[in-house]
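Participant: Dropping the sequence and predicted coords here.
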Amino acid sequence: MFSNTLGYRYRVKVFAKFKIHPFDVDECEHEDMALDAFVSCAEPDDELAQKIVDRLERGSAEEEDRGGYRVCWHERDFLLGAMINRSIEQSIEHSKRVICVLSGAFLRSEFCMLEFRTAWHWNLLKGKHRLIVVKCDGVDEALTAAARDAVAGVEDVRMFLSTYTYIKHGSDDWWHRLLYVMPTNRLPNDDPNFHHGFFAGADNDTGKLSL
């Protein structure tokens, strides 16, 4: 699904024009999924993350995006007082996609890197490519600095970028590429209290992820 082949680029173009996935199926069927996507970003990138979340949830009449995805954004949806490590694990384990807004600030954030490493672990464990990286400007330089400072998880980020196709933010088709790799079947998104119920009890779980 993420390979940068001519076939992949053709599929994206077909999707952008006709809003269909001509060759793909929802590979998350029969799994215990509660979210279509979990969005991870550093605080300086909140504005971009907010735009991604709003468009996935509400769509865009101008480009005929129908939205309707059930999305979790940690800045908005994590419960105050809940165990942060458990909330991250729970969100990623039960999300069809994890969208990381990769920037220099992301690489410097302990919790963002934890979210990336957890999603990368689930990718490897499941043998399925559900981690979506939206790469912002300046990341290559920031990766070099992070490697020099021995930031935990930076080699995982480098391996991902060298192995899978990422989405370059600001490119002409970046939004169509993001929509294309979203799940084809949306979960119901009509309960305003869903996130509260989903995370309730996360702070009572004794399972923790190591930083």
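Facilitator: Great, that's in hand.

Participant: which other helices and strands contact the longest helix seen in the chain?
Facilitator: Ranked by number of residues, the top helix in the chain under DSSP state H is helix 110-126. Applying 3 or more C-beta pairs under 8 Å, 6 or more residues apart in numbering; DSSP states H and E, we find helix 110-126 packed against strand 35-40, helix 84-93, strand 95-102, helix 104-108, strand 131-135, helix 154-163. In short, each C-beta sits where N, CA and C put it, glycine included.

Participant: Worst mean pLDDT among these?
Facilitator: Among the helices and strands packed on helix 110-126, helix 84-93 carries the lowest mean pLDDT, at a mean of 90.

Participant: Return the list of helices and strands in contact with that helix.
Facilitator: strand 35-40, helix 74-77, helix 110-126, helix 194-199.

Participant: buried stuff in stretch 49-68?
Facilitator: If you call a residue buried by 16 or more other C-beta atoms under 10 Å, then stretch 49-68 has these buried ones: Ala49, Ile52, Val53, Arg55, Leu56, Glu57, Gly59, Asp65, Gly67.

Participant: Stretch 90-110 now?
Facilitator: Buried, per 16+ other C-beta under 10 Å, within stretch 90-110: 90-93, 95-109.

Participant: measure it end to end?
Facilitator: 18 Å (C-alpha to C-alpha, to the nearest Å).

Participant: For the nearest residue to Gly68 once chain neighbours are set aside, which residues are in contact?
Facilitator: Spatial nearest neighbour of Gly68, excluding adjacent residues (C-beta to C-beta, 6 or more residues apart in numbering): Arg186 at 5.0 Å. Taking C-beta atoms under 8 Å, 6 or more residues apart in numbering, we find Arg186 in contact with Asp36, Gly68, Tyr69, Arg70.

Participant: Quickly note the distance from Arg186 to Ala150.
Facilitator: 41 Å (C-beta to C-beta, to the nearest Å).

Participant: Same check on Leu56?
Facilitator: Counting by C-beta to C-beta, the gap from Leu56 to Ala150 is 35 Å.

Participant: for Lys128, same thing?
Facilitator: Computed as C-beta to C-beta, the Lys128 to Ala150 distance reads 30 Å.

Participant: Show me which of the two is the more surrounded one.
Facilitator: Between Lys128 and Ala150, Lys128 has the larger neighbour count (other C-beta atoms under 10 Å), namely 14 against 8.

Participant: give me the element that one is part of.
Facilitator: Assigned by DSSP states H and E, Lys128 belongs to neither a helix nor a strand.

Participant: Pop out the phi and psi values for it.
Facilitator: phi -130, psi 150 (degrees, to the nearest 10).

Participant: Would you point out which residue is most central in the protein?
Facilitator: When C-alpha atoms, centre = their mean is applied to the chain, the residue found nearest the centroid is Ile99 (1.3 Å).

Participant: Please tell me I have it right and that residue contacts Ser40.
Facilitator: Yes - Ile99 sits in contact with Ser40 when judged by C-beta atoms under 8 Å, with a separation of 6.9 Å.

Participant: doesn't Ser103 make contact with Ile142?
Facilitator: Just to correct that, residue 142 is Ala rather than Ile. Yes - with contact defined as C-beta under 8 Å, Ala142 reaches Ser103; the gap is 7.3 Å.
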